[in-house]
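K.L.:
Just to be clear, the model below is a prediction. Sequence and coordinates:
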Amino acid sequence: MLLVMRHGKSDWSAGTDDHGRPLNSRGVKSAERMGRVLTELGLSPDLVISSTATRALTTARLALESGRWECELRTTDDFYNADVASVLAVLRGLDPSVNRCMVVGHNPAWTALVHELTGANVAMKTATVAAVETSRWDLLGDVRYGSNELVTVLQPRHFM
């Protein structure tokens, strides 16, 4: 399973460049909430891969800590200003032993990724998690394979 998580709400008034922009207080709370929600739903990841942008990496770390996940957190520059092809290239290289991977990054790539994999038009608002069922990382995104299914979409506002 692939968990696609958009970073939490960022602080536009922070006075930093885009890559260094932090989360605002709502973004922090949403990231923590989604970590707990995923654990409660039995959707804790085996691996988390995050964009190196501050808002995405902070989201990943907060979700991991609040969800009490005992998994590796990797970072990649490939998820910042990404397109679907670059995200799929990272995912296709995953070890087959990874059962559930969460990726944390940015729009518009995350909306496009979910659409590419499932055909669904999902509003990937901040801290939203889309769960996509897939059985083979090496074939992820191969339209001939076509076994990706949107399982659920979780938004922080639904878990207040």
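P.N.:
Perfect, thanks for sending it. None of these values were measured; they are calculated from a predicted model.

K.L.:
Can you give me the separation between residue 103 and residue 75?
P.N.:
11 Å (CB to CB, to the nearest Å). (Glycine included, C-beta is placed from N, CA and C.)

K.L.:
and the two? which has more neighbours close in?
P.N.:
Between residue 103 and residue 75, counted using other CB atoms under 10 Å, residue 103 has the larger neighbour count: 27 against 17.

K.L.:
For the more buried one, name its beta-bridge partners.
P.N.:
residue 4, residue 49 (DSSP bridges).

K.L.:
which residues are in contact with both of residue 103 and residue 75?
P.N.:
49-50 (CB atoms under 8 Å, 6 or more residues apart in numbering).

K.L.:
residues contacting residue 92?
P.N.:
137-141.

K.L.:
Give me the phi and psi for it.
P.N.:
phi -70, psi -20 (degrees, to the nearest 10).

K.L.:
any idea how far residue 150 is from residue 105?
P.N.:
18 Å.

K.L.:
When these two are compared, which one has more neighbours?
P.N.:
residue 105 (28 against 17).

K.L.:
Pop out the phi and psi values for the more buried one.
P.N.:
phi -160, psi -140.

K.L.:
same question, the one 3 residues further on
P.N.:
Comment: the main-chain dihedrals of residue 108 come out as phi -80, psi 0, following degrees, to the nearest 10.
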